[in-house]
Each structure stands twice: as C-alpha cells, then as structure tokens.
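Q: What follows is a protein structure lacking sequence information:
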C-alpha cells in the first residue's frame, strides 16, 4: 500500500545519506585525490603524480608501521579467534551466577582504551607489578623496560588488545553456539565421544562461520590499532618511532598547520588497501571451498 | 569415596513418589546442578567438572577485573600507602578520597567529563532519532532509489574511520569547527551501521499493522510515533548504548580536532595528564576511575539489551 508522498522517504533518509556522503564517501574520494598532491592544510597543493607513493616505499617509518601491523595481525588473529571461543564455552551453560560472569567478562570491552592503556602503563612500568613479579620469580635480574623497547611496547599493546577484545568476541561466539543444536552434542555423547572429540567434531564445525568472521574482524581491527600504542608510548611511537602503527604515522604526518596532508592521504590509502586484504582472503577461501566441494 | 557416590542414589527413591515438587509449595525440589552417578542427563557436568568450571570462571574474573580493581584501590591510596609494594596491596592502609580533588590541580577533569557527556548525549540523541527515521523508510517503505541508498550506506561499512580522519579534519576546519566540541560531535551524529540495525528491526513490523494505520489516516509522523517506535525500541536502546560508549571512549578523532587543553574530552585529557605532568599514579588512577565508573554503571544496568545487540549486530552485520 502506498500512502505517502514520493518525497517522504527521501526526507526521512536524507540526514543519514547526507552524513554518509559528507563524512565518509566524500572524504574517502578526497583522500585518494589528495594522495597524488603535495597539499598542506592551508594550500590545496599541486599534482605530484606518484611522488608520495615513491616516498612511502622508501620511508623507514612506514616500514616500521607495516611491521607493527603485520605482527599485530599475526599474533592477535589466532589468540582472539581461539581464546574467546573457550571463554564462550565456559559461560555457555546456564549455571547460577553465569550472568554475573558474562557481564564481568564484558567490562574490558566497554572501558576506554585510553583508560586501560593508562592502567597498563602503570602495570608494566619499570617499578610496576609485572617487573616486580618477574624479579621475584627470578626470571629477570633488573626491571625490563617494556615501555621504551620496540618489541616490549608491541608485546604490551597486543596483550592489552587481546585482554580487551576477549569479551566482545565471546558474545559473538555465544550467539553462534546458540545455533549449534544440543541434540548433536547428546548424540555424540551417546556415541561415546569425549569432550575433546566433541569440541573438534561438533563445536568447531558449528561455529566455523563465526570463526571466519571473527578472524577477519580481528585482522582489520589489528591494522587500525592506534590508541594502545599511542598512550603506552606516550605519543612517541617507541624508540626511533619503531613501534609506530600506521594510524599513528598518519596522524603524525598530517597534524598541525604545516602537516603534510598529501603524504598522510597516501598513507591512508595504504591503510585502506591493507584492511581489504583479510576480506579478500575470506572471499577467496570461500570460493576455494565451494569449488573443492563441487569437485568432491 | 563410595559413600559419597552412593548417597544421592539412595536418596532419590526415598522421596515419596506421589508428592510432586510443585505441590510442595515454596519448598521446591531443587535439581542438582551436576550429574549424579547413574543419571542419564548427559548435558550436565559431573561434580568435578562443575568445580573446575567455577574455578576457571573465578580465574578469568581475576584476570579481567584485577587490573581495574587494583586501579580503583590505587585511586583511594593516601600518601602513606606504598603504591610500589609487592605483592600489591588491594586494601589501602591510608584511605582517602583526596586524589579525586587533587587531580584537578593538573587538569580540569570534571569539566572534561562534562565535555565527554555533552558529546555522548548529543551523539545518542541524533543517532537514535535519525536512525529511526531513516530505518523506517528503508525497512518498511517502498520507494524508487532505495537500493542506491542501501548501497551507499553498506559501502561505508567497509571503510575504516581512520582512513578518512585527515580529510574529515579539513572539512571540519573549513566549516570553522576545528577546536570545538561541535566539531568532535558532528561526524558521528549518524552512523550507517545504526541505520541498518533499525532498518532490520523495522522489517519485522507486520505490513498489515502499518497498512491499517494508513487506512485510518495516520500521518507518517503518527505512524513513526505510535507504531514504529514501540516496535523498534529494543533495537534503539542498543543503538543508544553503542553510540554512548563509542562517543565516550573515542580518542583519535577528538585528539585531532581539539587543540586547546581547556576544551578536551575526558580521554584526550587523561592522555594529556599522563604525557605532560609527572603526575602521581594515584591521581591518574582517580582520573581513570572518573572515566570508567559511569560507563560501567550504565552498562551494568542495561546489559540485557547490550548482549542482544552485540550478538545481532555482529552476526548479521
């Protein structure tokens, strides 16, 4: 049934569309365009061709940022795909007080990364609890300077990301586990399958889609990391900027009245292309699976 | 060993067969949480399994809450407390609330919290209202060009916000909103994701109900107010919670927009406090608690909606 004037729906969607165009689509196209110029905040700049891209290829800082992203993805994806699943299995059953545990496990997710990073700064300080514990255990003789060491910073930041992400992906897994029928588990039990066997043959296939989705989400989020490293390194990006992330580099290059908007845009385009890689990988894997399934 | 194993099985036949648990009034027969010997209910864990489960739950709780609780305790520690003691002391020996006042010697933390609150509340209001409008049109109305609109909204879901910050800052500056809270608020005023969530909820409204309202002569506004809103309230509360937390916790964008320390939001202000003063860790702890407590309270009171939203949003979106 049609009862509205032709423009009513357009009036209703107008704010959303205008916002998306002004604050997402246009800036994206603008970024791509600016990446071929030497624009500054107060001058539109001139077309410089691929200069910025050539500069990026030779930029040590970009190399560091790329390494950071790569390490982040490689470490975070397996950890945040597996650990939240185990956590979800732990809180899946309806037991007294289980809501309390679910809610509690979600607290890190809602906390601001800045807040958590400040707590972490304090934990991993040279006089902090972690160093004291390690010394007490006899692992180290003198405090390890986590926060002024390239890999130390990355380690602490990744730990923070994993700690903070557990609860979020746990909830996603809980939803997926709800779709795995109890009957399958019971049938497997009657057939004498142990807990490990049931995990492998019933649970994993049941949450396979969620696992793929989560690994992509984690990979994309890992490439966008900013706040953890920014706060933990106090904005420096570690010794010589070796622990910079791509987003930190984008901000450093583009900020201020004399910021290099052109080059910052080039780095932004690189970030965008990198976040497409996991999505492409999943699309590719799905196609592979379909074709191999058809052959079999 | 054998006696404990036998005890339950000798007990169960002892209960009179005729007396049903429901008839016993308030004294309901409680099912044990664990599987007893000989029980066919495979879905229940055995007693050792149950103990292990609670043990693991407690272990994870300590890992998750430990740092937050420790920070809370540090924020109440007085100058006589050794904050570097090991093992760390959770209960302050010289408790004081002084840190929550002294932190303002360095940064106007309560004004920053007020700024964060303003931005967050504005973000919640505009997101809820405008997403309901757009979601209704996209979910329950038919019109030419709908596919294009959906395409535009969906395409931005693949676009990380970090990619466009540089360019967005130019836009905000050209609008004359650099270094202002309006500039912080503006780009987040409506999220494509929120519109799509509400549109999904609107698709669930039966067509007959909306058609009946049209026959009765209800205007678009009346339909939104009296039919759409009651139906999408649940999803709208999810949108509201997400929008609030997102705005309250945001760091990168306010950091780029705001220059003047008197205009900072809470997250930017906290990073500023940490980076620019050799501040006492007790003060930083107090500051982090000011940032953390409101959102924990908000979340705890609304967690029912929240879990549903995360599950629906992540799996479908």
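A: Everything's here; your move. Computed from a prediction, not measured in an experiment: that's the story for all the values here. Numbering: from 1, shown residues only, chains lettered A, B, ... in the order given.
Q: After the helix or strand harbouring residue B:117, which helix or strand is next?
A: Secondary structure assigned from DSSP states H and E places residue B:117 in helix B:109-140. As assigned by DSSP H and E, the chain's next helix or strand after helix B:109-140 is helix B:146-155.
Q: correct me, but residue A:233 touches residue A:243?
A: Yes - if you go by CB atoms under 8 Å, residue A:233 and residue A:243 touch, sitting 5.8 Å apart. In short, each C-beta sits where N, CA and C put it, glycine included.
Q: shared neighbours, the two?
A: Counting by CB atoms under 8 Å, 6 or more residues apart in numbering or on different chains, the common neighbours of residue A:233 and residue A:243 are residue A:153.
Q: give me the number of residues near residue B:62?
A: Other residues near residue B:62 number 11, with proximity taken as other CB atoms under 10 Å in any protein chain shown.
Q: mind showing which ranges of the stretch 201-317 of chain B have poor pLDDT?
A: Where the stretch 201-317 of chain B drops to pLDDT under 70, the residues are B:306-317.
Q: What are the contacting residues of the strand or helix carrying residue A:20?
A: In the assignment (DSSP H and E), residue A:20 maps to helix A:8-20. Outside helix A:8-20, the residues within contact range by CB under 8 Å, 6+ apart are B:130-131, B:133-134, B:136-138, B:141, B:143, B:145-146, B:149, B:152-153, B:156, B:187, B:189-190, B:192, B:195, B:220.
Q: just stretch B:249-265 next, same as before
A: So stretch B:249-265 is contacted by A:110-114, A:226-227, A:230, A:247, A:251, A:255, B:107-108, B:111-112, B:115-116, B:119, B:161-162, B:165, B:168-169, B:172, B:177-181, B:183-184, B:187-188, B:267-269, B:271-272, B:295 (CB under 8 Å, 6+ apart).
Q: One more: stretch B:139-155?
A: So stretch B:139-155 is contacted by A:2, A:4, A:6, A:8-10, A:12-13, A:16-17, A:20-21, A:25, B:137-138, B:192, B:195-196, B:198-203, B:205, B:207, B:210, B:228 (CB under 8 Å, 6+ apart).
Q: switch the cut-off to 6 Å
A: When contacts are defined by CB atoms under 6 Å, 6 or more residues apart in numbering or on different chains, stretch B:139-155 is touched by residues A:9, A:13, A:17, A:20, B:192, B:195, B:199, B:202-203, B:205.
Q: on that earlier part again, show me the contacts of stretch B:249-265 that map onto strands.
A: Per DSSP state E, strands hold no members of the contacts of stretch B:249-265.
Q: And the buried ones among the residues you listed, selectable in ChimeraX?
A: In ChimeraX, this line selects whichever of these come out buried by 16 or more other CB atoms under 10 Å in any protein chain shown:
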select /A:110,111,112,113,114,226,227,230,247,251,255 /B:107,108,112,115,116,119,161,162,165,168,169,172,177,178,180,181,183,184,187,188,267,268,269,271,272,295
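Q: Which ones among the contacts of stretch B:249-265 map onto helices?
A: Of the contacts of stretch B:249-265, the ones assigned to helices by DSSP state H are A:110, A:113-114, A:227, A:230, A:247, A:251, B:111-112, B:115-116, B:119, B:165, B:168-169, B:172, B:181, B:183-184, B:267-269, B:271-272, B:295.
Q: Spatially central residue in chain A, please.
A: residue A:221 (1.8 Å; CA atoms, centre = their mean).
Q: helix or strand for that one, which one?
A: helix A:208-223.
Q: Can you name the residues in contact with that helix?
A: A:69, A:72-73, A:76-77, A:80-81, A:169, A:172-173, A:176, A:274-275, A:278, A:282.
Q: could you redo the last one with a cut-off of 7 Å?
A: A:69, A:72-73, A:76-77, A:80-81, A:169, A:172-173, A:176, A:246, A:271, A:274-275, A:278-279, A:282 (CB atoms under 7 Å, 6 or more residues apart in numbering or on different chains).
Q: and if you look at stretch A:50-62?
A: A:35, A:241, A:244, A:249, A:262-263, A:266-267, A:270.
Q: Check the residues you listed for the minimum pLDDT and say which it is.
A: Lowest pLDDT of these: residue A:241, 83.
Q: Can you give me the neighbour number for the closest residue to that residue other than its chain neighbours?
A: Nearest residue to residue A:241, sequence neighbours excluded (CB to CB, 6 or more residues apart in numbering or on different chains): residue A:61, at 5.3 Å. Using other CB under 10 Å, the number of residues around residue A:61 comes to 19.
Q: now the one 4 residues further on
A: By other CB under 10 Å, 27 other residues sit near residue A:65.
Q: One more: the one 4 residues further on?
A: Using other CB under 10 Å, residue A:69 has 23 neighbouring residues.
Q: residues contacting it?
A: Here residue A:69 is in contact with A:222-223, A:245-246, A:274 (CB under 7 Å, 6+ apart).
Q: ok, so what distance separates it from residue A:274?
A: 7 Å (CB to CB, to the nearest Å).
Q: can you list the residues of the stretch 101-250 of chain A near chain B?
A: A:101, A:103-105, A:107-108, A:110-115, A:118-119, A:121-123, A:127, A:129, A:132, A:136, A:168, A:171-172, A:174-176, A:182, A:186, A:189, A:224, A:226-227, A:231, A:234-235, A:247, A:250 (CB under 7 Å from any CB of the partner chain).
Q: Could you rerun that using 6 Å?
A: Contact residues, the stretch 101-250 of chain A versus chain B (CB under 6 Å from any CB of the partner chain): A:101, A:103-105, A:108, A:110-112, A:114-115, A:118-119, A:122, A:127, A:129, A:132, A:171-172, A:175, A:186, A:189, A:224, A:226-227, A:231, A:234-235, A:247.
Q: ok, residues contacting stretch B:237-246?
A: So stretch B:237-246 is contacted by A:110, B:120, B:123-124, B:127-128, B:131, B:194, B:302, B:305-306, B:309 (CB under 6 Å, 6+ apart).
Q: quick check, the helix ranked longest in chain A touching chain B?
A: When chain A is parsed with DSSP H, its longest helix is helix A:261-295. Yes - shown here: helix A:261-295 in contact with chain B (CB under 6 Å from any CB) through A:264-265, A:268, A:271-272, A:275.
Q: Can you add distance to residue B:48 and give the contacts of residue A:69 back as JSON lines?
A: As requested, those are arranged in JSON lines below (distance: CB to CB, whole Å):
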{"residue": "A:222", "distance to residue B:48": "38"}
{"residue": "A:223", "distance to residue B:48": "43"}
{"residue": "A:245", "distance to residue B:48": "45"}
{"residue": "A:246", "distance to residue B:48": "48"}
{"residue": "A:274", "distance to residue B:48": "47"}
